[in-house]
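*Asks:* with the sequence up front, the predicted model follows.
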Amino acid sequence: MKTMIKALAVASALAITAAGAADARDLRLAPGAPPVHPAVDPLYNTMVEELPKETDGALTGTIIGPEVVGITKVKEALQSNLAEVGNLLPLFVPADLPDLVLAADLAFLAPNPHAMGAAMTEYVATCADCQEQFKAMGAVYTGSGSSDVYVLLTTKPVNSLDDLKGLRLRSGGAPYARWAEALGAAPAQVGVGDQFEQISQGVLDGTMGSVGDLLSYRLVDVVKYIIDLPLGTYHTTSNFTVASSVWAELSAEERAGFVRAANTAGVAFTQNWGYERAEGARQAAVDAGIEIIPASQDLLDATNEFRANDLDTAVDIATNNLGVENAAEKIAHFQELVSKWEAIVDELGGDEDAIAARLQEEVWDKMDYSSYGL
């Protein structure tokens, strides 16, 4: 009798689990990147794992590839409902999200990926103008992440400031283009997916980018030098941008669970892209015979001078080009957040789980999910 009761209990539990799985809402997730990119693994792969855990099985996710939704088409995919959640990069939609593009112009602020990712997250989540801009676009923001500190990946050696002059370099965004021009290089706006071909054909002499691109975009096969000059981070991301129509259909509990999953995945993304992948890429570079050249003092001095002077330029661009109101105050606030999160990351010893927990506590646990994003 006990055996039969136990069997019935197991069968009942399995039936409940199966019913829950059948009732789960499966979201279409668009990372917009190739499988080898950290936007897929660990960012979106972690989200697929965490989403059902944090929502008691109410939400699951299925990844759709870049052949369906490429990184430059995430906004359109969300608006057409082709994707329900997407990896939206604000620099591709500056007119829609000017207050986020403002933060992109502050790439040179701090050489600490976790601090930059967390500062960006708190800035956007608590910025009324940012939230209104997402709402007008028909989307909801749920967190950001950061790259490692950008360096120069080149086909020519750069041992001094003079060696940089005239080099044709792919730019990862406006502040990098301004830096290149200020120091005498020639920036080029080339899609990240096109840089391999452009470098291999000699159209470009290199790129200002993540050392992880050596693996993510196979630049290890065409680059000959890493110039170890810290150029700031790429932190202006919206990792899991949810279509407003989808968000409105979720319960407050499901929204809170979605954000918890997004937060865990976002910090894992920064840990991988900002630290682990960079370390692996550097080892791959050594194995491939790529020479690593420390930045010369004149390059460091010129870059530090640019960093100090560029804040005024960022205010001017945000005010006059992007139409951002109170740009100086917002930039000052972002600087404060960077300093805050630098101190927190140091306090936590850079521990990924501890950083995720603190970010959840400092930002996301304070939200009212009956109204956030609506």
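*Replies:* Here it is on my side, so go on. Numbering: from 1, shown residues only.

*Asks:* from here on, just use CA atoms for contacts and neighbour counts.
*Replies:* Will do.

*Asks:* care to break this protein down by domain?
*Replies:* 25-147+237-282+328-366, 151-232+288-308 (automatic domain parsing).

*Asks:* centre of the chain versus the shortest one, how much separation?
*Replies:* By that I understand domain 151-232+288-308. 20 Å (Cα atoms, centre = their mean, to the nearest Å).

*Asks:* and the end-to-end length of that domain?
*Replies:* End-to-end span of domain 151-232+288-308 (Cα to Cα, to the nearest Å): 19 Å.

*Asks:* how close does residue 172 get to residue 178?
*Replies:* 11 Å.

*Asks:* which parts of the stretch 201-350 of the chain are helices?
*Replies:* Along the stretch 201-350 of the chain, the segments classed as helices by DSSP state H, counting those that start in this stretch run 213-216, 244-249, 252-271, 277-287, 297-316, 327-347.

*Asks:* an error on my part: the question was meant for the stretch 1-150 of the chain.
*Replies:* Ranges of helices within the stretch 1-150 of the chain are 2-23, 45-54, 74-80, 98-104, 113-125, 128-137, based on DSSP H, counting those that start in this stretch.

*Asks:* who's more crowded, residue 172 and residue 178?
*Replies:* Higher neighbour count among residue 172 and residue 178: residue 172, with 22 against 19, using other Cα atoms under 10 Å.

*Asks:* right, and that one touches residue 213 too?
*Replies:* No: look at residue 172 against residue 213 with Cα atoms under 8 Å: they stay out of range, at 11.7 Å.

*Asks:* circling back: and the helices of the stretch 1-150 of the chain, which one averages the lowest pLDDT?
*Replies:* Mean pLDDT is lowest for helix 2-23 among the helices of the stretch 1-150 of the chain, at a mean of 43.

*Asks:* returning to what we had before: most neighbours per residue, which of the domains of the chain?
*Replies:* Of these, the one with the most neighbours on average (mean count of other Cα atoms under 10 Å) is domain 25-147+237-282+328-366, at a mean of 21.

*Asks:* OK, contacts around residue 193?
*Replies:* Taking Cα atoms under 8 Å, 6 or more residues apart in numbering, we find residue 193 in contact with residue 217.

*Asks:* tell me the SS of it?
*Replies:* Under the three-state scheme (DSSP: H, G, I helix; E, B strand; the rest coil), residue 193 adopts helix.

*Asks:* show the average pLDDT along stretch 268-282.
*Replies:* Rounded mean pLDDT across stretch 268-282 is 94.

*Asks:* bridge partners for residue 188, pull those for me.
*Replies:* residue 170 (DSSP bridges).

*Asks:* for residue 205, see how far away it is.
*Replies:* Residue 188 is 10 Å from residue 205, by Cα to Cα.

*Asks:* shared neighbours of those two, anything?
*Replies:* By the contact definition Cα under 8 Å, 6+ apart, residue 188 and residue 205 are jointly contacted by 168-169.

*Asks:* what's near enough to touch the nearest residue to residue 235 once chain neighbours are set aside?
*Replies:* The shortest distance from residue 235 to any residue other than its chain neighbours is 4.2 Å, reached at residue 146 (Cα to Cα, 6 or more residues apart in numbering). Counting by Cα under 8 Å, 6+ apart, residue 146 makes contact with 113-114, 116-117, 233-237, 269-270, 273-274.

*Asks:* please apply the same query to residue 288.
*Replies:* Contacts of residue 288 (Cα under 8 Å, 6+ apart): residue 220.

*Asks:* tell me the pLDDT of it.
*Replies:* Per-residue pLDDT puts residue 288 at 96.

*Asks:* list phi and psi for it.
*Replies:* phi -90, psi 0 (degrees, to the nearest 10).

*Asks:* and it, how far from residue 217?
*Replies:* Counting by Cα to Cα, the gap from residue 288 to residue 217 is 15 Å.

*Asks:* how about the contacts of residue 146 in JSON lines, adding distance to residue 88?
*Replies:* What follows is those, written out as JSON lines (distance: Cα to Cα, whole Å):
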{"residue": "113", "distance to residue 88": "19"}
{"residue": "114", "distance to residue 88": "19"}
{"residue": "116", "distance to residue 88": "17"}
{"residue": "117", "distance to residue 88": "15"}
{"residue": "233", "distance to residue 88": "17"}
{"residue": "234", "distance to residue 88": "13"}
{"residue": "235", "distance to residue 88": "12"}
{"residue": "236", "distance to residue 88": "9"}
{"residue": "237", "distance to residue 88": "6"}
{"residue": "269", "distance to residue 88": "15"}
{"residue": "270", "distance to residue 88": "16"}
{"residue": "273", "distance to residue 88": "17"}
{"residue": "274", "distance to residue 88": "19"}
